[in-house]
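Asks: sharing a model that was predicted from the sequence below.
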Amino acid sequence: MSVGILLITHSGIGCALLNVAHGTFGQLPLAVSHLSVSRDPEPEILIAKASHMLRKLDSGSGVLVLTDMFGSTPSNIAQSLQNQGFNIRVISGLNLPMLFRILNYPHLALGPLAKKAVDGGKDGIFEPLHEQRVLRVANGTRKKTLVDVLE
């Protein structure tokens, strides 16, 4: 048994992220579904859909629910699911590095997988050109590079 994954996002976001994951991984190592929330949502209907999806995804190890933005309708739907007694963890701030990190650890239990999700999301956010310059200076290397020319 493994943890299921449910993405609850604003229109198109979850589908786009899953398309990229399918293109990269081919067969996904975890059961993943997504619920797209439109502009004019009916929360009761969406909560019922999400509940049904959770039941299908939970093989006994729980479900990790990922939402795109805390405080938004998708996040509020996920929070209401927590109050219904499902074995879930909810993480907000979904991004592609977070999803890829999760898919690379399909053997983890729900708690550790939730931690991997948060770590993957945070680690995937940085300023590459600035980080390269800081590392070069810290290492004492001061060759003129394209990064220096761009600054």
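Replies: Received the coordinates, thanks. Residues are numbered from 1 along each chain as shown.
Asks: only C-alpha atoms for contact and neighbour calcs from this point on.
Replies: Noted.
Asks: report the buried residues of stretch 68-86.
Replies: Under the neighbour-count criterion of 16 or more other CA atoms under 10 Å, stretch 68-86 has 68, 69, 73, 74, 75, 76, 77, 78, 79, 81 buried.
Asks: swap that for stretch 116-123, please
Replies: If you call a residue buried by 16+ other CA under 10 Å, then stretch 116-123 has these buried ones: 116, 117, 118, 120, 121.
Asks: could you export those residues as JSON lines, including secondary structure?
Replies: Shown next, in JSON lines, are these (DSSP: H, G, I helix; E, B strand; the rest coil):
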{"residue": "116", "secondary structure": "helix"}
{"residue": "117", "secondary structure": "helix"}
{"residue": "118", "secondary structure": "helix"}
{"residue": "120", "secondary structure": "helix"}
{"residue": "121", "secondary structure": "helix"}
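Asks: so which of those residues comes closest to residue 51?
Replies: Within the buried residues of stretch 116-123, distances to residue 51 taken as CA to CA reach their minimum at residue 117, with 21.5 Å.
Asks: is the residue lying closest to the closest one once chain neighbours are set aside in a helix, a strand, or coil?
Replies: With CA to CA, 6 or more residues apart in numbering as the criterion, residue 117 has its nearest non-adjacent residue at 5.0 Å, and that residue is residue 98. Per three-state DSSP, the local secondary structure of residue 98 is helix.
Asks: same question, residue 51
Replies: helix.
Asks: skipping adjacent residues, who's closest to it in space?
Replies: The shortest distance from residue 51 to any residue other than its chain neighbours is 7.0 Å, reached at residue 81 (CA to CA, 6+ apart).
Asks: which other helices and strands contact the helix or strand that neighbour falls within?
Replies: For residue 81, the host element (DSSP states H and E) is helix 73-82. Applying 3 or more CA pairs under 8 Å, 6 or more residues apart in numbering; DSSP states H and E, one finds that helix 73-82 contacts strand 4-10, helix 43-57, strand 63-67, strand 88-92.
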